[in-house]
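[1] make a model of this:
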Amino acid sequence: MKKILLLFTLLILVSSCKTSSSTTSSNNKLAEKIIDDATSKIGSPYRFGGTTNAGYDCSGLVFTSFKKYDLSLPRTSKEMAKEGKIITKSNAQKGDLIFFKTGGSSQINHVGLIIDVNRDDIKFVHSSTKKGVIISSITEDYYRKSFVQINRILE
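    Here you go, the predicted structure:
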């Protein structure tokens with residue numbers, strides 16, 4: 001009887017690990033698809049309120065890339081920052097959102113989508129008011145100084 005109980009317990013543990021791993025794997029694949037969509041827009045110009053290839057603002061880029069995969073986010077970076085779970089820089093992953101207070105703002109006013117994490121560097125795609133959709137790094141002074149938080153949307 002004890003052997004059967006032990007075997008049953010092990011079976012439950014193994015199957016629950018598989019489910020968790022499978023979910024993580026599917027979230028990684030979804031993150032890659034969202035990243036591919038956002039990076040395909042590199043070179044598009046900046047346009048305040050923009051959500052098309054004619055021009056994107058920062059939250060418009062993130063909003064449309066998530067929406068393509070039926071994931072709803074608020075339309076502004078300030079409201080997006082309230083979604084998901086806030087995580088530390090050291091736990092950042094591809095597909096997380098990174099938020100900033102730029103231009104001396106007292107509130108979050110800029111968002112990007114993390115596309116790569118290496119040691120102390122985090123690269124993100126976003127729409128810059130001067131250069132349009134580009135890839136930047138958290139190690140750049142401007143973004144290092146204005147960094148606020150990272151949110152995990154895909155659990």
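[2] so the nearest residue to residue 39 once chain neighbours are set aside bridges to which residues?
    Leaving out its chain neighbours, the residue that sits closest to residue 39 by CB to CB, 6 or more residues apart in numbering is residue 125, at 5.4 Å. Bear in mind the C-beta positions are built from the backbone N, C-alpha and C, glycine included. Beta bridges link residue 125 to residue 113, residue 135 when assigned by DSSP bridges.
[3] residue 125 against residue 135, yeah?
    Yes: counting by CB atoms under 8 Å, residue 125 touches residue 135, with 5.3 Å between them.
[4] who has more neighbours out of these two?
    Each of residue 125 and residue 135 has its neighbours counted (other CB atoms under 10 Å); residue 125 has more, 24 against 15.
[5] residues contacting that one?
    By CB atoms under 8 Å, 6 or more residues apart in numbering, the contact list for residue 125 reads 35, 38, 39, 41, 42, 61, 112, 113, 115, 133, 134, 135.
[6] please consider this matter closed, and thank you.
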